[in-house]
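Novice: Sequence first, predicted coordinates after that:
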Amino acid sequence: MVTAVILVNVERHKLNDVIRELMRIDGITEVHSVAGEYDLLAIARVRDNQQLSSIVADKMCSGIEGILHTKTLISLGSNFKYDAEKLFS
């Protein structure tokens with residue numbers, strides 16, 4: 001499993017529309033509104049880097065109107081209080 005944090009800048013008036021569209025993407029498990037340099041934080045949990053690339057490049061950047069910029073951080077390791085693999089398999 002590949003886990004990534006995707007930081008997203010959005011046109012303000014399209015924020016709610018972008019959130020709805022992100023939540024429709026298979027592999028995006030969470031979307032958070034955040035304060036600071038970015039507007040949204042999306043968590044992706046996917047099979048492999050190819051699926052992650054498809055989400056970011058094809059479905060988000062090319063497919064959702066209102067997204068201005070993204071920054072993707074790929075997790076190299078995770079620590080949970082629960083069995084994450086069980087939840088997402």
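Specialist: Right, received. Where do you want to start?
Novice: drop to CA atoms for contacts and neighbour counts, all remaining ones
Specialist: OK.
Novice: and residue 39, how far is that from residue 68?
Specialist: 10 Å (C-alpha to C-alpha, to the nearest Å).
Novice: so where's the chain uncertain?
Specialist: 84-85, 87-89 (pLDDT under 70).
Novice: Now for the residue nearest to the spatial centre of the chain: which residues touch it?
Specialist: Centroid check for the chain by C-alpha atoms, centre = their mean gives residue 42 as the closest residue, at 3.1 Å. The neighbourhood of residue 42, defined by C-alpha atoms under 8 Å, 6 or more residues apart in numbering, consists of 5, 6, 7, 8, 22, 28, 29, 30, 31, 32.
Novice: any idea which helix or strand comes after the helix ranked longest in the chain?
Specialist: Criterion DSSP state H: the longest helix present in the chain is helix 15-24. Using DSSP states H and E, the helix or strand that follows helix 15-24 in sequence is strand 28-33.
Novice: ok, and for that next one, which residues are buried?
Specialist: 28, 31 (16 or more other C-alpha atoms under 10 Å).
Novice: What of stretch 4-23?
Specialist: 4, 5, 6, 7, 8, 9, 10, 15, 18, 19, 22.
Novice: Rebuild those residues as JSON lines, extending it with distance to residue 58.
Specialist: As requested, the buried residues of stretch 4-23 are exported to JSON lines (distance: C-alpha to C-alpha, whole Å):
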{"residue": "4", "distance to residue 58": "16"}
{"residue": "5", "distance to residue 58": "17"}
{"residue": "6", "distance to residue 58": "14"}
{"residue": "7", "distance to residue 58": "16"}
{"residue": "8", "distance to residue 58": "15"}
{"residue": "9", "distance to residue 58": "17"}
{"residue": "10", "distance to residue 58": "17"}
{"residue": "15", "distance to residue 58": "19"}
{"residue": "18", "distance to residue 58": "15"}
{"residue": "19", "distance to residue 58": "16"}
{"residue": "22", "distance to residue 58": "12"}
